[in-house]
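1. give me the fold of what follows.
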Amino acid sequence: MVTSAAQGRVAHSEADYIARAETLAPSFAARAAEHDRTGSFPFENFRELSEACLLSLTVPAALGGPGAGARYAARVLGIIGKADPSTALVLSMHYINHLVMARSLTWPVRLSRKLARETVEGLALINALRVEPELGSPARGGLPATIARRTETGWRLTGHKIYSTGSPILKWYLVWARTDETEPRVGNFWCRRACRARASSRPGITTACAPAAATTSSSMMS
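-> Alright, predicted model coming up:
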């Protein structure tokens, strides 16, 4: 359940979503060239998207969000993409994950509600960590090298991922991994990003995560 303050921030019509995106687009476009030139991340764009209730666009209405479907999300992404394609790419990954959660029978309800609430109430994005140096994209098949070991406090993940779109601003990762069991199970482990990251000489992402609390694969339910 979301707070009354959060409910007040939610847009209530498709026309409003489009209008809010069109209002933000000029400032995104004005900053895009500088971000491209310097390789900097457009953090300010996502703060403005959050304030405009556009980060929660595809969060179901029952969980406090606008409840927009893929069609209206695509219209918003088209407006943002014309202004700053990089911002639209990160936003699209976030939207897709919430659309999948809303329709999935395997996502734990408690986690779905938690992620929805945090997205409605603040600046919180989610995306997957899947691609590995040796295996490449999981679309080609194979077992991930990232290992999940069950502990007293949850799952402990050990592995090396190359990238995740939007990683500088993500609050949650869906980490693709396999268990260390005799017959490994494969699933996506929900991992909340901690506030610290450490430098690494190896290419890829090196970050500190809280213990993985649950999984989202039908074959990997906690």
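
2. what's the weakest-modelled helix or strand in this structure?
-> One helix or strand of the chain scores below all others by mean pLDDT, DSSP states H and E: helix 4-8, with a mean of 42.

3. pull out the buried positions in whatever helix or strand comes next after that one.
-> Remark: after helix 4-8, the chain's next helix or strand is helix 14-38, criterion DSSP states H and E. For helix 14-38, a neighbour-count test (16 or more other CB atoms under 10 Å) marks 14, 17, 18, 20, 21, 24, 25, 28, 31, 32, 35 as buried. C-beta: built from backbone N, CA, C; applies to glycine.

4. again with stretch 105-125
-> Neighbour-count burial for stretch 105-125 flags 107-108, 111-121, 124-125 (criterion: 16+ other CB under 10 Å).

5. from those, which is closest to residue 83?
-> residue 125 (18.3 Å; CB to CB).

6. return the backbone torsion pair for residue 184.
-> Torsion angles at residue 184 (phi, psi; degrees, to the nearest 10) stand at phi -60, psi 140.

7. do you know how far it is from residue 98?
-> Remark: distance between residue 184 and residue 98 (CB to CB, to the nearest Å) = 29 Å.

8. one more: residue 60?
-> Distance from residue 60 to residue 98, by CB to CB: 8 Å.

9. residue 193 now?
-> In terms of CB to CB, residue 193 sits 17 Å off from residue 98.

10. higher neighbour count, these two?
-> Per other CB atoms under 10 Å, whichever of residue 193 and residue 98 has more neighbours is residue 98, with 25 against 18.

11. okay, which residue is most central for this protein?
-> residue 126 (1.4 Å; CA atoms, centre = their mean).

12. just checking, residue 23 touches residue 52?
-> Yes. Counting by CB atoms under 8 Å, residue 52 is a contact partner of residue 23 at 7.4 Å.

13. low pLDDT regions in the chain?
-> 1-12, 194-222 (pLDDT under 70).

14. check which helix or strand the spatially most distant residue from the centre of the chain maps to.
-> No residue in the chain sits farther from the centre than residue 182, which is 31.1 Å out by CA atoms, centre = their mean. Applying DSSP H and E as the criterion places residue 182 outside every helix and strand.

15. quick one: it from residue 138, how far?
-> From residue 182 to residue 138 the distance is 22 Å (CB to CB).

16. for whichever strand or helix holds residue 96, which residues meet the burial criterion?
-> Secondary structure assignment for residue 96, by DSSP H and E: helix 85-103. Buried residues in helix 85-103, counted by 16+ other CB under 10 Å: 86-88, 90-99, 101-102.
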